[in-house]
Each structure stands twice: as C-alpha cells, then as structure tokens.
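> based on what follows, work out the 3D shape:
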Amino acid sequence: MALHELNVYCQASGAKINTNKTTMAVFGASQATPSTWGFHEAGNSYKVLGVLLGKLAEVCNRKTWENILNKIESQLNVWRLRNLTLKGKVLVINALCISKLVHALTVTDLPGDILSKLKAIFSHFLWKREKGLVSHATLIGDHGAGGLGLIDIYTKKKSLRLKIIKKYLDSSFTAPWKDFVIPTLRGLGHFGDYNLCQMLPRSLFSALDPFEREVLEGWWSLRPWVSAEPKSLQQSLKVPLRFNPDLMGGGPGSGERMFSDTFERAGISTIGDLLDGSGNYDIVRVRTLFRSRGVLFRRAVVLRLAGRIRESILRNWGSFLEGSSSGGDPGAERDVGFVLVDGTRFFGLSECSTKRIYRILIVGAFRRPAVERTWARTFPALTITSIWANMFNWYTAPKRLYGV
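Numbers count the residues shown, from 1 in each chain. Take a look at the predicted model:
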C-alpha cells in the first residue's frame, strides 16, 4: 500500500524515489522480510538531521551526543592553533559550537554527564586547564555586568524546552503531540492545564520521562517571571492558590509564600473557593469552611493570610472579580493564558522569542564578580555599571588611543 502511494505520487509529480538513498525502518512488533522492498534497512537506528532515532531510545540519544562531542572537540582543536583572545574564544564557542547543539537540544534530552563534558571542553579551550580562572557563572553575563556573553548550555536548553509550553498553550497551534501532554499535566495535580499556574515541587518531576522533566523544569524556572492572565471570570475561578508565584508577597523570585497548607485542609484550593455565588470575596465563608472541616486554626493568622491573598487576587485579577459573572471572553474558559513580565513591559507568552526567554532566565544563573564589592568600597563615587563600561571600552578600543 505504501509503495503504491509513492508510485502514484511519483507519476503525478514527475519526481522519482532514489532507492539507493532511501532507508526503511520497521516499527511495532512486525518483522520485515529482508530484501523485499528494495530499500536500505535501518537496523536498530537511523539518522535524521544529525539525530539518531531507533528502538533503543537511550542508546541512540547517547550516541547522538557523543558524535556531537567529537565534532566539537575536533573543531576546537583546530582553533587552538590560533592565538585567540579570551573574547575571541567565547565568540568561537557561541558561533560555531553552540550552533551544533541547538537542533539536538530541541528534539532530545541532554544527559547530565554530557552537559558536564561540554562544560569541561569549553573550559579547557578558554583557559587551557579544567578549572577556569573566572567562574562559568560569571562569564555567561553581559559585558556591562562583568561577563563575556558566553552562552550557557543549561539555560539555553531550558529556553528551547519552553517552546513546547508556548505551543501547547497556543490554541491556534494544532499538533497530535498535544494529546500526550495532557496526561502528563494531569498526573502532577488536580487542576489539569492549570497546574502550570503553580511552581510545583521538583520532586514531582522525578518519575517523568527525561524530556518531559526538562520541559517542566524549564517552565519552573520561568514561572516567577510569568503572570497568569485569565480571559474570563470562569477561568480565573479555576486558578489554584498553592505554589502560585502570583500570590507571593515579595514579587517574582521572592519565594515568600502567602498560602498556607491549612487552607487546603479546609477545602480551599482555588480562587473560586474564596468567593461567594456572586464572585465577591467572602471572609465569612472562609471561616465557615475552616469550622465545617474541623481544621484547627488561629483566627488572627488565618485572617491576616486571607487578607493578603485577597489583596494579591484583586491586584492580579480584580477585573474579573468585581461581582460580575460576565467579565472577559466566555469562550476562552479552556485557554489558560500567561504574560511574560520583562522589566516594565508585558508580553504574551506566545509572542516571546526564545532569545527573550533566555535573557530572562540567564539572570538567575549569572553570578556577579566578587571584585565588585572591593570596587564599591574603593570607588564610592562611581557606579559598578560605569566601571564595567569603562573597562569594556578600554578593552575593545585600539591600544594607541591610550598610549600603551
């Protein structure tokens, strides 16, 4: 049947299948009869765009990364013959080496030992020794902050993984693989897609497939800088309270929780559990739920926490919680949305490029140089930013301008 369809296509288009360059792979429990189809047989693995696929996924994945490691080492061995500056070496890594990783990082998981080997190879290229003179966590920063803009592989991987989340949340994007994401999200909690509103403990990811785990770890890292954006009152009522960074007192990345486990024992787990039938915040209902479930609580503590949660809810989603049941788009109940906060600007998650996401995530991985503390004491009249700007200008300008 498959060959018949190929023949029909060839007759209609004028194209012709080159059997000498065509490889056939058999899936499932069926066994192919050798030399029946006239194609090369793939065996246990075959290569597609540089990535090995086959029956033994873990073995193919490791061979893929080992091949990439060998290519990178061979390329860097050639560049070691050149008398490159540190900045030039960083440029070689970013432009020639990281580009070899992007496709594989997009479609397959990155084992931890391979990541360690990649870092060791880059460190040896930069410093001619295993341990660098400057921390890797500092080199990945911008020039204005004391770094050299070295691309961090781990952060790059997370930013690429988040493309999966972006496409999954985009209702206009249709793909069969979305059906396989739904059971994974439902297995993490009781809220379905709304589990993405939470920063769930990483221990819940341990039983997942490595690729799925990397996707959710990437989302876990970005979530403090992303705000849930309900499109209707019905949707806002389903937003969970626990592990929700939108309900943390100190802002993104503060880690200051405003939701106690005591509320969950009282049956309060979503925003809707805090509201009455008209969509108004009801503190009397909250106290009643505590008493009806027999949950012991200190009245002053519960009232204080409930008040802080109320303020945060109104600040984030007050437009839907003003007593009206008709706010927002009634047809958008299933399309949970998120907005990325980049400084003072807001972007829809689906509109954010991988580069923008990487720039935000790298802030958490960057470590400021220790010398800045000495500068602050020695040059109190100067800002750290201006000092780095002067150093960068001196480093990049022709030496003759400075008479050295």
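> any idea how far L160 is from N18?
Note on L160: its distance to N18, by C-beta to C-beta, to the nearest Å, is 33 Å. Quick note: C-beta positions are derived from backbone N, CA and C, even for glycine.
> more crowded one of these two?
When neighbours are counted by other C-beta atoms under 10 Å, L160 comes out ahead of the other of L160 and N18, with 22 against 7.
> domain map for the chain?
According to automatic domain parsing, the chain comprises the domains 1-43, 230-336, 370-402.
> rounded mean pLDDT for the first one, please.
This predicted structure assigns domain 1-43 an average pLDDT of 72.
> please renumber the chain so that the first residue is 877 from this point on.
Okay, using 877 as the starting number, the last item reads as domain 877-919.
> show the subsequent helix or strand relative to the helix or strand containing I1185.
Counting by DSSP states H and E, the element that carries I1185 is helix 1175-1193. Using DSSP H and E, the next helix or strand after helix 1175-1193 towards the C-terminus is strand 1214-1218.
> rewinding a little: now for the helix holding I1185, which elements pack on it?
strand 1102-1104, helix 1159-1168 (3 or more C-beta pairs under 8 Å, 6 or more residues apart in numbering; DSSP states H and E).
> tell me the contacts of the most centrally placed residue in the chain?
What sits nearest the mean C-alpha location of the chain, by C-alpha atoms, centre = their mean, is G1094, with 2.7 Å. With C-beta atoms under 8 Å, 6 or more residues apart in numbering as the criterion, the residues that contact G1094 are 1033-1035, 1037-1038, 1041.
> roughly how far apart are P1116 and E1140?
As judged by C-beta to C-beta, P1116 and E1140 stand 10 Å apart.
> these two: which is more packed in?
Of the pair P1116 and E1140, P1116 is the one with more neighbours under other C-beta under 10 Å, namely 23 against 15.
> which outside residues touch stretch 986-1000?
If you take C-beta under 8 Å, 6+ apart as the criterion, stretch 986-1000 is touched by 937-938, 941-942, 945, 948-949, 952, 969, 973, 977, 980, 1005-1008, 1012, 1026, 1029-1030, 1033, 1086, 1090.
> can you give me the strands in the stretch 927-1076 of the chain?
With strands called from DSSP state E, counting those that start in this stretch, the stretch 927-1076 of the chain shows them at 927-930.
> for the contacts of G1094, give me CSV that also has pLDDT and distance to V1217.
Listed next are the contacts of G1094 as CSV, based on pLDDT from 0 to 100; distance: C-beta to C-beta, whole Å:
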residue, pLDDT, distance to V1217
K1033, 94, 22
K1034, 94, 18
S1035, 93, 16
R1037, 92, 20
L1038, 91, 15
I1041, 90, 16
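> can you flag the buried ones in the residues you listed?
Buried members of those, scored by 16 or more other C-beta atoms under 10 Å, are 1033-1035, 1037-1038, 1041.
> between those residues, which is nearest N883?
Of all the buried ones among the contacts of G1094, N883 sits closest to R1037, with 40.7 Å by C-beta to C-beta.
> is it true that that closest one touches V1091?
Yes - assessed by C-beta atoms under 8 Å, R1037 is found in contact with V1091 at 4.6 Å.
> how many neighbouring residues does V1010 have?
By the criterion of other C-beta under 10 Å, V1010 has 15 neighbours.
> show me the contacts for it.
V1010 touches P1245, counting by C-beta under 8 Å, 6+ apart.
> can you check the pLDDT for it?
Predicted confidence (pLDDT) for V1010: 87.
> just give the number of residues close to R956.
Using other C-beta under 10 Å, the number of residues around R956 comes to 13.
> actually P1106, not the one I typed
Neighbourhood size, P1106 [other C-beta under 10 Å]: 26.
> that one should be in a helix, yeah?
No - secondary structure of P1106 (DSSP: H, G, I helix; E, B strand; the rest coil): coil, not part of a helix.
> for it, which non-adjacent residue is closest in space?
S1112 (3.6 Å; C-beta to C-beta, 6 or more residues apart in numbering).
> other SSEs contacting the helix or strand harbouring the one you found?
Using DSSP H and E, S1112 falls within helix 1109-1113. The helices and strands touching helix 1109-1113, judged by 3+ C-beta pairs under 8 Å, 6+ apart, number zero.
> buried ones in the very next helix or strand once past it, by neighbour count?
Next helix or strand after helix 1109-1113 toward the C-terminus (DSSP H and E): helix 1137-1141. Of the residues in helix 1137-1141, 1138-1139 count as buried by neighbour count, 16+ other C-beta under 10 Å.
> can I get the CA coordinates of helix 1137-1141 in PDB?
The C-alpha trace of helix 1137-1141 is given here as PDB (Å, rounded to 0.1, in the frame of the first residue of the first chain):
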ATOM      1  CA  ASP A1137      -1.400  24.200  53.900                       C
ATOM      2  CA  THR A1138      -4.100  24.900  56.400                       C
ATOM      3  CA  PHE A1139      -6.300  26.400  53.700                       C
ATOM      4  CA  GLU A1140      -6.000  23.300  51.600                       C
ATOM      5  CA  ARG A1141      -7.100  21.100  54.500                       C
END
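> what sits up against that helix?
1117-1118, 1145, 1166, 1169, 1171, 1173, 1178, 1181.
> same thing but at 10 Å, please
By C-beta atoms under 10 Å, 6 or more residues apart in numbering, the residues outside helix 1137-1141 that reach it are 1116-1118, 1144-1145, 1149-1150, 1162, 1165-1166, 1169-1174, 1177-1178, 1181-1182, 1185.
> now those: which count as buried?
Buried members of the contacts of helix 1137-1141, scored by 16+ other C-beta under 10 Å, are 1116-1118, 1144-1145, 1149-1150, 1162, 1165-1166, 1171, 1173, 1178, 1181-1182, 1185.
> nearest to S1082 among those?
Proximity of the buried ones among the contacts of helix 1137-1141 to S1082 (C-beta to C-beta) peaks at R1118, which lies at 19.5 Å.
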